[in-house]
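# give me coordinates for this.
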Amino acid sequence: MKSLRHAATLLGVVFLGAAAATAVAGAVIVLQIARRVVTPSVRVPDTEVLAVDTGAQTIELSRTPDTELPGRYGLMMSGAPGYVKLGTVLSVNGDRVRRKLLTQISPGTDVGRRAVFSGWYYATAEELHLPFESVLVGTPAGPAPAWFFDAPDASAAHATWVIQVHGRGTTRNECLRAVPVFHEAGLPVLVASYRNDGEAPRTRGGAYALGASEWQDIDSAIEYALRHGAQQVILMGWSMGGAIALQTVVSTRHRDAIAGVILESPVVEWRTVLRFQAREAGMRDPLPQLAMDALATPWSARLSGAEQAIPFDQLDMVARADELAEPILILHSDDDGFVPSDASHALAAARPDMVTLQAFEGARHTKLWNYDQTRWSNAITQWLTAHGFVGDTEAATAE
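Take a look at the predicted model:
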């Protein structure tokens, strides 16, 4: 009997130990998932370069939902020349896509096989062939670099500036595609950076707050614009930059100066986005929810690498739709593939009086300009015109 009791006790200890070990392992996995959400990262290769024909100036890539898209794109390669522009799809054959090269590659160049397919297209500000100035915006995190593209008539006063905000894991280059359409409309453009994006200052923890703290740096960009002659601003946010722009709207000291908002493939509500991305990565319930719970709780948020708990309710702009008072243009593809358009549709439905939604099909995340530049540009120009932003130079000069 004694030996039986001893065996049972031993079994219980082993059982509890195994359960505890499983719980610890599960907690570690949850924290690792949470850490990925708030840790700034560079884009990992998602495309393979299969062949380059330097005579015909064509390139063959592995076939993905992105690489087979029509339009103009960029490709960041592991070898020389490092970055090239891509044009028309010439053929799709099985798992291969052949496209026209818009950047010449010389014979014998070692291009490498690993690459990142990008919607950036413009790799530098100089490629726009528009006058610009590199400036520093003083933010709570420190001096943040920005590009300032003045209006075509730089000698005149301009009442309205556009401030652009890039997305997660990218830099200001993402925003360059939009500069020409605003330039043609006669509007100055400030392309901002923000904490922990690899260009602006790094905070002590170096983590994203998904818009909950980054908005302060865009608030400083608004202040910069107002000090340098702007009377009002239009915020344009790309992807996570959309979340930052919306948090700026509802949090800024300069609310009266925000005249409108343009959102490109935006994050309007984070929970839906993170659940979608978790499913795409093969994660099963309840891991995504547990990771969000970890990020929302102060002690576990810090263990996940966050500097503060992530206030998901505060970041849910569908739930806070009644707080919006500025006209908003949303450009989002229903085939986005990374940030689902559900919340954009929901915000448009909640505030039809303020929100204009241009829903695209076929285009992928933040690649709407690339996919259909004419429609994308016209949508912005028509919205600017409808709300009286085009032609404000004359009004400002008359004043």
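# in this protein, which strand is the longest?
Of all the segments of type strand in the chain, defined by DSSP state E, the longest one is strand 83-93.
# now that strand: mean pLDDT?
Averaged across strand 83-93, pLDDT comes to 97.
# who are the packing partners of it?
Judged by 3 or more Cβ pairs under 8 Å, 6 or more residues apart in numbering; DSSP states H and E, strand 83-93 is in contact with strand 58-62, strand 73-77, strand 96-101. For glycine as for every other residue, the C-beta is placed from the backbone atoms N, C-alpha and C.
# partners of that strand, with directions?
Paired strands of strand 83-93, with direction, are strand 73-77 (antiparallel), strand 96-101 (antiparallel) (DSSP bridges).
# in a markdown table: the helices and strands packed on strand 83-93, plus mean pLDDT.
Formatted as a markdown table, the helices and strands packed on strand 83-93 follow (pLDDT from 0 to 100):
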| stretch | mean pLDDT |
| --- | --- |
| strand 58-62 | 98 |
| strand 73-77 | 96 |
| strand 96-101 | 98 |
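# closest to residue 371 out of the ones you listed?
Across these, the minimum distance to residue 371, taken as Cβ to Cβ, is reached by strand 73-77, at 9.2 Å.
# next, the angle strand 58-62 makes with the closest one.
80 degrees (axes from the mean of the first three to the mean of the last three Cα atoms, to 10 degrees).
# next, the buried residues of strand 73-77.
Neighbour-count burial for strand 73-77 flags 73-77 (criterion: 16 or more other Cβ atoms under 10 Å).
# next one: stretch 219-230
By neighbour count on 16+ other Cβ under 10 Å, the buried set for stretch 219-230 is 219-225, 230.
# for those residues, give me JSON lines that also has pLDDT, distance to residue 28 and secondary structure.
As requested, the buried residues of stretch 219-230 are exported to JSON lines (pLDDT from 0 to 100; distance: Cβ to Cβ, whole Å; DSSP: H, G, I helix; E, B strand; the rest coil):
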{"residue": "219", "pLDDT": "98", "distance to residue 28": "37", "secondary structure": "helix"}
{"residue": "220", "pLDDT": "98", "distance to residue 28": "38", "secondary structure": "helix"}
{"residue": "221", "pLDDT": "98", "distance to residue 28": "39", "secondary structure": "helix"}
{"residue": "222", "pLDDT": "98", "distance to residue 28": "41", "secondary structure": "helix"}
{"residue": "223", "pLDDT": "98", "distance to residue 28": "42", "secondary structure": "helix"}
{"residue": "224", "pLDDT": "98", "distance to residue 28": "43", "secondary structure": "helix"}
{"residue": "225", "pLDDT": "98", "distance to residue 28": "45", "secondary structure": "helix"}
{"residue": "230", "pLDDT": "96", "distance to residue 28": "49", "secondary structure": "coil"}
